[in-house]
Each structure stands twice: as C-alpha cells, then as structure tokens.
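Asks: Sharing a model prediction with you, sequence too.
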Number of protein chains: 2
Amino acid sequence: MTKVTAQLSVSVDGFYAGPQFDGNGNWMDSEESAKFFRVTRWATEAAAWRERQGFAGGEQDTNSEVIAESFGAAGAYVMGRRMADGGEIPWGEEPPFRAPVFVVTHRPRQRLLRGGGTSFTYVTDGVASAVEQARAVAGGKDVAVAGGGSLVRQVLKAGLLDELELHVVPVVLGTGLRLFDADLDLGDREGIELTPTRVLATPQVTHIRYAVRGRAPLVLDDRGRGGGPTVTTN
Amino acid sequence: MTKVTAQLSVSVDGFYAGPQFDGNGNWMDSEESAKFFRVTRWATEAAAWRERQGFAGGEQDTNSEVIAESFGAAGAYVMGRRMADGGEIPWGEEPPFRAPVFVVTHRPRQRLLRGGGTSFTYVTDGVASAVEQARAVAGGKDVAVAGGGSLVRQVLKAGLLDELELHVVPVVLGTGLRLFDADLDLGDREGIELTPTRVLATPQVTHIRYAVRGRAPLVLDDRGRGGGPTVTTN
C-alpha cells in the first residue's frame, strides 16, 4: 500500500540548513549551504548516494543501506520549487530520482523529461494535488516528499504524511532553517503524536523513523497515573 | 573521573515545555506545564522516578533503568533558580536528589538542608562556580545539570558540558521553550560537534547520549570527498 513518506537530515537542534541565502554571491559559499552540507555529509559519503549521482567510491555501511532503501521504496516524488530549481543544473541529464517528480510551485511550466526515468511535472494547484498525482503513478510504491524542509512541514501540517524519518546528525548549529518552525497551526493544548518504528544508530547519524499518528489534545494526565491522550486518525 | 552531564526530555521539535507561564492563574493549568508533562510522561510513568518521589507503582522497563542509572551516576547537581523555586514545595522534605544541589541564582540565600542527603546551596557568582563547587563534593561521581533547559544551554555554551543525553519524545509541539535557542554565540561557519555514544529505543522515547567534543569550524568538504572538520577540545 502506498505510504506518503518524508526523510530529512537535521542537526541535533533541528536545522536542515543555515539561514536562507540572500542571493548575494554564490550559494555554495553561503552559511545556508555550509550547514546544509554538514547535516548531509553522512549521505554524500555513502556509496548508495554517490552511485545515484554518478560519483565513484563511498562508504558501504548502514548509512548507505538507509539511502538505498529510501530510493528503492519511492515510486514517485513530491518536491518544493526551490529545491527543484536549485537541483536542475547540478542533477544534470540523469537526476538521481529515476521516477516521476511532482514539483509544487506557483509558476506553470511544461513537464521536463530527463534520463533514467526521472521527469519533473510542475503542479500549481497545491500540495495535496501534487501528492495525489504522485500517488497515481507510484505503482504501489511510496510517495516520497523529497524536500525541502518547508514542503515536508506543509505536508505534515496538511495531515498528508504517513511516515517521517529524521536523520539526526550530532552537531549543534545554532541558527538556520528548521523543519519544525512555528507555522504548524497547532493549538496551545495540542500536539502531533508520532510512534517511533525504527531507530538505527551509527557514529555519523541517528536514523529515527516515525509513523505519524495525528493531532491529539495534550491532556494533563495526573503526572503519569492516568491514561495517555486520545489520538485522532491522521 | 567526574564528568559534567545533562539530560533533558524534549519533543521531536526540540521543546522541553510550552511557552513560559506568564504568572496569571495556576502553572499547573498553563500551556508551559501541559507541554512539560507531555515530554516528561515517560519518566513520571517509570518506577525508578516514582520511587524517588515517594509514589507507588510505575513501569519496570528500559525507561526506568535509564532514570535509575541517571540518579545513580550523580554525586552532585547544578540547577537553575526557576526550577529550584518551582520544585521547593512539591519536592517536600525529602527531595528526589539525595545529593548536594547547587542553585545558580542572583539572590543570595542560606543553604537549605533537606532529608535523604539533599541540600540546596545558592551560588551567586555564576554557572562555572556552581559546577566547580558541585565537582568538589561529587566524590568522583558525575556533576549532573538538573535543568531547566536554559541552564543546560548556558553550561553547553560555556564549554563546561562533557555529556548530553536527550530523551526524544515522539510528539511535535509547535511552540514553547527550546533547549537549543538562538543564544549559543556560534559563528556562522561554526558548530558544536557531538558524538553519539549510546542510543536506546523504546516506544515512548528515544534516549540519545552524546559526548560533547566542542566547537569546530564547518568546512566545505567537497561534498564528502574530503576530510571532516577539525574539532577543538571542549
């Protein structure tokens, strides 16, 4: 059964990149990218990631298996416009996805066909539509939200996410772009309850996979003597 | 050898409590406490925590073992003033620490002796002094930073922390008090590097223990082809 999944590399303090690049100079020299490359280093060093990018070498380890599994599980992708724009040139003629990608954007644009099975379809009627279009062509595999972080947050906020895997990198970055920013529209006695379904520990990164259960009231439970919260379905 | 340790329960999005209580009404009915009790529920349900509070029952499980180990390793505590004030009445005549506690405060106050080995010493010359006073009486056991979160952050910022254990609770809370707030004084190409030394997965919480390695520059490492950052000692 198709699940909607997302995975993101974050620092211990929750950042997936530095503060957003202001457009002056080169993104590769920005604080945004310096922090982005720190939290994604575990991936860029992994054989499975490098193979998809056409790079030689890399580590054959648990981290590489996590990436291979992630690529293998995705039948289609949903992606934010900024990530798609940023990747267009570096990904080249054979992007690493090898599956249809649906880009959430306000700007209409013709579908872009690339080699190796990757295509980019530009969706202008919202994130839910992009997820549905991806689901329709996923062939029973998962719909993977490729990023960036703000799109993952939108999908979570809309109640569309079934599974979230965080790759928690052991560094504190202090400032930057956070996956969990203040626009989730949670009530002041409400949380989004998750269930950890798999934890993999490596020296470079801790992989924690969660099933998303849904929004639930935070009930005062007599300091643990009473029951837990009622969880509404997602 | 005495280590300086800290442990804190946080949500997946990094909150250890809701937004700070404004003093109107009862703290127990506040958003701050609703979120605090959600992230500490795993502890309040554990037998080892309940025994220290004089409560019956509780779960005898991995979470309880984590708490017992934490209490057992601490020879002295350092604590923030707000936490000490908030606990003074509920902890009663036999607080759960059973060791000397050094409270970082601006307000001089006479030492408070309680039953079971707990004392509260009020330290007005800063967090480093409180850590040193605690170290002197820890008897070779660890100095544990008991909280709250802002004191843990101060100790980390000052380079005094050797080990940090996060108890990551599977809930997204959206707003509140964050352990890692924006006042760590990190440069825009700098992080605090950690090393995960133990990860314990349970359905209620993921315990991740880190050794704190110290501040290090974020060097652009040719997308993983080059080496890692140089780590300065803590």
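Replies: Received the coordinates, thanks.
Asks: Pull out the buried residues from stretch A:114-130.
Replies: By neighbour count with 16 or more other CB atoms under 10 Å in any protein chain shown, stretch A:114-130 contains the buried residues A:R114, A:T118, A:S119, A:F120, A:T121, A:Y122, A:V123, A:V127, A:A130. Just so you know, the C-beta spots here come from the backbone N, C-alpha and C atoms, and that holds for glycine as well.
Asks: Which residues does whatever helix or strand the fifth one lives in contact?
Replies: Here A:T121, judged by DSSP states H and E, is contained in strand A:119-123. If you take CB atoms under 8 Å, 6 or more residues apart in numbering or on different chains as the criterion, strand A:119-123 is touched by A:79, A:84, A:100-105, A:107-114, A:129-130, A:133.
Asks: try it again with 10 Å
Replies: Outside strand A:119-123, the residues that touch it by CB atoms under 10 Å, 6 or more residues apart in numbering or on different chains are A:76-79, A:81, A:84, A:87-88, A:91, A:95, A:97, A:99-114, A:129-134, A:137.
Asks: among those residues, which are in strands?
Replies: A:A76, A:Y77, A:V78, A:M79, A:P100, A:V101, A:F102, A:V103, A:V104, A:L112, A:L113 (DSSP state E).
Asks: most surrounded residue in the residues you listed?
Replies: A:V78 (30 neighbours; other CB atoms under 10 Å in any protein chain shown).
Asks: what are the bridge partners for that residue, then?
Replies: Beta bridges link A:V78 to A:F102, A:V145, judged by DSSP bridges.
Asks: Quick check: pLDDT value at it.
Replies: You'll see A:V78 listed with a pLDDT of 98.
Asks: State the distance from it to B:K3.
Replies: Plainly put, A:V78 is 45 Å away from B:K3 if you go by CB to CB, to the nearest Å.
Asks: Equivalent analysis for A:V155, please.
Replies: Taking CB to CB, one finds A:V155 at 41 Å from B:K3.
Asks: who has more neighbours, the two?
Replies: Neighbour totals were compared for A:V155 and B:K3, and A:V155 leads with 25 against 16 (other CB under 10 Å).
Asks: does chain B sit close to the one helix or strand that one maps to?
Replies: Take DSSP H and E as the rule and A:V155 turns out to sit in helix A:149-157. Yes - contact between helix A:149-157 and chain B, assessed by CB under 10 Å from any CB of the partner chain, occurs at A:R153, A:L156, A:K157.
Asks: Which member of the residues you listed is positioned nearest chain B?
Replies: The closest of the residues of helix A:149-157 next to chain B to chain B turns out to be A:L156 (CB to the nearest CB; 7.6 Å).
Asks: Contact partners for the closest one?
Replies: A:L156 touches A:V4, A:A6, A:V145, A:L164, A:L179, A:F180, A:L184, A:I192, A:L194, A:V212, A:N234, B:V172, counting by CB under 10 Å, 6+ apart.
Asks: Can you say which of the residues you listed are buried?
Replies: Buried subset of those (neighbour count, 16+ other CB under 10 Å): A:V4, A:A6, A:V145, A:L164, A:L179, A:F180, A:L184, A:I192, A:L194, A:V212, A:N234, B:V172.
Asks: Can you add pLDDT and secondary structure and give those residues back as a markdown table?
Replies: Output for those, formatted as a markdown table (pLDDT from 0 to 100; DSSP: H, G, I helix; E, B strand; the rest coil):
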| residue | pLDDT | secondary structure |
| --- | --- | --- |
| A:V4 | 98 | strand |
| A:A6 | 98 | strand |
| A:V145 | 98 | strand |
| A:L164 | 98 | strand |
| A:L179 | 94 | coil |
| A:F180 | 92 | coil |
| A:L184 | 91 | coil |
| A:I192 | 97 | strand |
| A:L194 | 98 | strand |
| A:V212 | 98 | strand |
| A:N234 | 37 | coil |
| B:V172 | 98 | strand |
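Asks: Where does pLDDT dip in chain A?
Replies: A:220-234 (pLDDT under 70).
Asks: how about the closest residue to A:A73 other than its chain neighbours, phi and psi?
Replies: Nearest non-adjacent residue to A:A73, counting by CB to CB, 6 or more residues apart in numbering or on different chains: A:D142, 4.9 Å away. Phi and psi for A:D142, reported as degrees, to the nearest 10, are phi -80, psi 150.
Asks: neighbours around A:D142, how many?
Replies: Neighbours of A:D142 (other CB under 10 Å): 22.
Asks: What's the separation between it and B:A48?
Replies: Per CB to CB, A:D142 is found 40 Å from B:A48.
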